[in-house]
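S.K.: Let me see the structure of the following:
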Amino acid sequence: MVVKGLKLNEWALFKRLECVVAHVPAGARLADIGSDHCYLPVALMCRGVITVVAGEVALTPFHAAERSVRESELE
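M.R.: Predicted structure coming up:
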């Protein structure tokens with residue numbers, strides 16, 4: 001995850017997600033239903049920690065999730 005240039009509310013989100021990431025055991029499998037921006041799955045996959053499936057039914061959050069995956073070169 002890129003930290004540089006985060007806004008205040010994005011920084012708070014980043015810190016919360018990092019707390020979650022720190023507690024996910026290596027080799028875990030994650031189903032992130034209602035993934036929204038897909039930050040948690042992306043953070044975990046970038047670290048090579050887990051296998052993940054992310055789901056989103058609303059179009060705008062789905063596009064945000066796609067963008068997060070693409071920008072992290074996880075396609």
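
S.K.: Leaving out sequence neighbours, find the closest residue to the spatially most central residue of the chain.
M.R.: Of all residues in the chain, the one closest to the mean position by C-alpha atoms, centre = their mean is residue 39, 2.0 Å from it. Of all residues beyond its chain neighbours, the one nearest residue 39 is residue 17 (5.6 Å), with distances taken as C-beta to C-beta, 6 or more residues apart in numbering. Bear in mind the C-beta positions are built from the backbone N, C-alpha and C, glycine included.

S.K.: now residue 47
M.R.: Nearest to residue 47 is residue 21, by C-beta to C-beta, 6+ apart, at 7.2 Å.

S.K.: In three-state terms, label that neighbour for me.
M.R.: Classification of residue 21 using DSSP: H, G, I helix; E, B strand; the rest coil returns helix.

S.K.: Check the one 4 residues further on too.
M.R.: Reducing the assignment at residue 25 to three states with three-state DSSP gives coil.

S.K.: low-scoring pLDDT stretches of this structure, where are they?
M.R.: Counting by pLDDT under 70, the chain contains low-confidence residues at 1-13.

S.K.: How far off centre is stretch 57-73?
M.R.: Its chain's average C-alpha position is 10 Å from that of stretch 57-73, according to C-alpha atoms, centre = their mean, to the nearest Å.

S.K.: swap that for stretch 32-40, sorry
M.R.: With C-alpha atoms, centre = their mean, you get 6 Å for stretch 32-40.

S.K.: and the end-to-end length of it?
M.R.: From its first residue to its last, stretch 32-40 covers 8 Å (C-alpha to C-alpha, to the nearest Å).
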